[in-house]
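> Okay, structure incoming, though there's no sequence with it:
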């Protein structure tokens, strides 16, 4: 059975691979930023460590409040594929503000918290919709692995960009932070691109990612009826042959 589950990977649809790339690119922007956000806020905006930590933590605070409600709404109304594009697109200004403006950092972190909440509620729950029930575990595990590979590489790249910033003048430190934000912005742009392609591919296959709960239930019932009719036909043929 395990051998069969592993071999099922080669049968995953293009929609699945586009979806996990969308997830990877989005989280390439989230986790490296959260890891270094408080230091960035201290270096650029000169807040003390405690205040900077609270501002950086606003991303998760917003998600803590919003995620349960967003998950329920998305279950009812669907549009997961569209929301992947929307939340990634709305994340673009976050890194623009951080890289090129002096806007209060709390604006960016709260904004990021909103888009992160939408992404978590629409991206991961889409995986079971594009794979068979028998391979959901394999699909989720592989998606997590790809995500972590991407995040790990992003952390290495961010560390390489920053270098030994403690030994650099403040002007050079801020310049390197700007390059970090531009790199993270590049990942979000890649996320937008893959999410758009994902929606195009999904629409060719019936638009399953954008179905509402009612439409998903109706489709499931229809598939059950087809399966039952098929089983009944097979049983009838067996009876005739016997």
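That came in fine, so what should we check first? Note that the structure is a prediction, hence the values are computed from the model and not measured. Numbers count the residues shown, from 1 in each chain.

> for the record, mean pLDDT for stretch 167-175?
In this model, stretch 167-175 has an average pLDDT of 86.

> go on, stretch 183-199?
97.

> which residues in this protein form strands?
With DSSP state E as the criterion, the chain has no strands.

> longest single helix anywhere in it?
Across the chain, the longest stretch assigned as helix under DSSP state H is helix 170-204.

> what's that one packed up against?
helix 14-45, helix 80-100, helix 136-162 (3 or more Cβ pairs under 8 Å, 6 or more residues apart in numbering; DSSP states H and E). For every residue, glycine as well, the C-beta is placed using N, CA and C.

> go again using 10 Å as the cut-off
helix 14-45, helix 80-100, helix 105-122, helix 127-130, helix 136-162 (3 or more Cβ pairs under 10 Å, 6 or more residues apart in numbering; DSSP states H and E).

> Show me how the protein divides into domains.
Following the TED database, one finds the domains of the chain at 11-207, 212-241.

> Just name the most buried of those domains.
domain 11-207 (a mean of 18; mean count of other Cβ atoms under 10 Å).

> Settle this for me: residue 117 is touching residue 73, isn't it.
No. Under the criterion of Cβ atoms under 10 Å, residue 117 is not in contact with residue 73, lying 11.2 Å apart.

> Of all the helices and strands packed on helix 170-204, which one is nearest residue 185?
Proximity to residue 185, assessed across the helices and strands packed on helix 170-204 by Cβ to Cβ, is greatest for helix 80-100 (3.9 Å).

> what's the angle between the closest one and helix 170-204?
170 degrees (axes from the mean of the first three to the mean of the last three Cα atoms, to 10 degrees).

> Pull the distance from helix 80-100 to the chain's centre.
12 Å (Cα atoms, centre = their mean, to the nearest Å).

> What mean pLDDT does that helix get?
On average, helix 80-100 scores 95.

> Kindly calculate the angle that that helix makes with helix 14-45.
20 degrees.

> Who are the packing partners of helix 80-100?
Using 3+ Cβ pairs under 10 Å, 6+ apart, helix 80-100 sits against helix 14-45, helix 49-77, helix 105-122, helix 127-130, helix 170-204.
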